[in-house]
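A.B. asks: Need coordinates for the below:
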Amino acid sequence: IITTDGPEAQEITVGSNDVALLNLHIDTNARVNFANFPIRVRMPEDPANTAQGLLNGNQPNLTDIKVINSATGEVLMGPIDSTQLRSTIDNPNTTITDRGGDQIAFFLFEEDFIARIYYPLDLTITADIADNANLDGSNVTMTMRNSAAYPEIRKMSNNAWATLNPRGNIDGPQMNITAGGIEATVLSDYELITAPAGSRNIKFHATALECGNAYDCT
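C.D. replies: Okay, the predicted model is just below:
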């Protein structure tokens, strides 16, 4: 049984690293081997802004796409970037192109991993968002694309096929992308005091500046 528990939909900034796009929880009543793990990624493109979508020309807007063991941080599959995504899931010769072909794409991770009975397995599909201000106002959605063929799940005992429930797509939330910025907030206003002549380090006001990006603000 494969289910999802999030993550919650949220705003993510350009330049963000290791953004959790889809959580998966696997329960199994037998020791099984997962292989040929299918994903679908949707990243719409404004017709007036072709730097959006999964590709910005020949540059990826998503990088370091990988599947990790949520408990240990171990990378089980990947990483890849969006230049390697395909228009047809099982054909590596159908890599996507910019301008119209880079809004919905697929990939089949060929690495394998084992799920064990009595040991639920939590996975997270993560990615980095390119430092591309044109992505402001766009969004990204990750899906585990189940079908009759994929993922390939075999019992370890006799190499027979194992059944998967549900046999249908599992969608992550839509993550909205923002260019971020700097936010200034007032920490405190000090009370009126009498400062004798010659006083030093008089505190007038306190302000916090917070960078709303995943990279440093200058």
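
A.B. asks: In the lowest-mean-pLDDT helix or strand in the chain, which of the residues would be classed as buried?
C.D. replies: Confidence across the helices and strands of the chain bottoms out at strand 182-189, with a mean of 73, counting by mean pLDDT, DSSP states H and E. By 16 or more other C-beta atoms under 10 Å, strand 182-189 has no buried positions at all. In short, each C-beta sits where N, CA and C put it, glycine included.

A.B. asks: Stretch 87-98 now?
C.D. replies: Those would be Ile89, Thr95, Ile96, Asp98, for stretch 87-98 by 16+ other C-beta under 10 Å.

A.B. asks: what does stretch 121-137 give?
C.D. replies: Neighbour-count burial for stretch 121-137 flags 121, 123-130, 132, 134-136 (criterion: 16+ other C-beta under 10 Å).

A.B. asks: what's the angle between whichever helix or strand comes after the least confident helix or strand of the chain and strand 182-189?
C.D. replies: Next in sequence after strand 182-189, counting helices and strands by DSSP states H and E, comes strand 205-211. Orientation check (axes from the mean of the first three to the mean of the last three C-alpha atoms, to 10 degrees): strand 205-211 against strand 182-189 gives 160 degrees.

A.B. asks: just checking, what packs against strand 205-211?
C.D. replies: Packing contacts for strand 205-211, counted by 3 or more C-beta pairs under 8 Å, 6 or more residues apart in numbering; DSSP states H and E, involve strand 182-189.

A.B. asks: pLDDT below threshold where in the protein?
C.D. replies: Across the chain, the ranges flagged by pLDDT under 70 are 100, 189-190, 212-218.

A.B. asks: how much space between Glu125 and Phe204?
C.D. replies: To be clear, residue 125 is Ile; Glu isn't right here. Distance, Ile125 to Phe204, by C-beta to C-beta, to the nearest Å: 49 Å.

A.B. asks: meant to ask about Gly168, not that
C.D. replies: 61 Å.

A.B. asks: Between those two, tell me which one has more neighbours.
C.D. replies: For Gly168 versus Phe204, neighbours defined as other C-beta atoms under 10 Å are more numerous around Gly168 (12 against 6).

A.B. asks: isn't the more buried one right next to Met144, touching?
C.D. replies: No - between Gly168 and Met144 there is no contact under C-beta atoms under 8 Å: 9.6 Å.

A.B. asks: Please give the number of neighbouring residues around Ile65.
C.D. replies: 24.

A.B. asks: That one sits in which helix or strand?
C.D. replies: Assigned by DSSP H and E, Ile65 falls in strand 62-69.

A.B. asks: ok, then the element right after that strand?
C.D. replies: strand 75-80.

A.B. asks: Just the residues contacting that next one, thanks.
C.D. replies: 37, 63-69, 107, 109, 111, 113, 123 (C-beta atoms under 8 Å, 6 or more residues apart in numbering).
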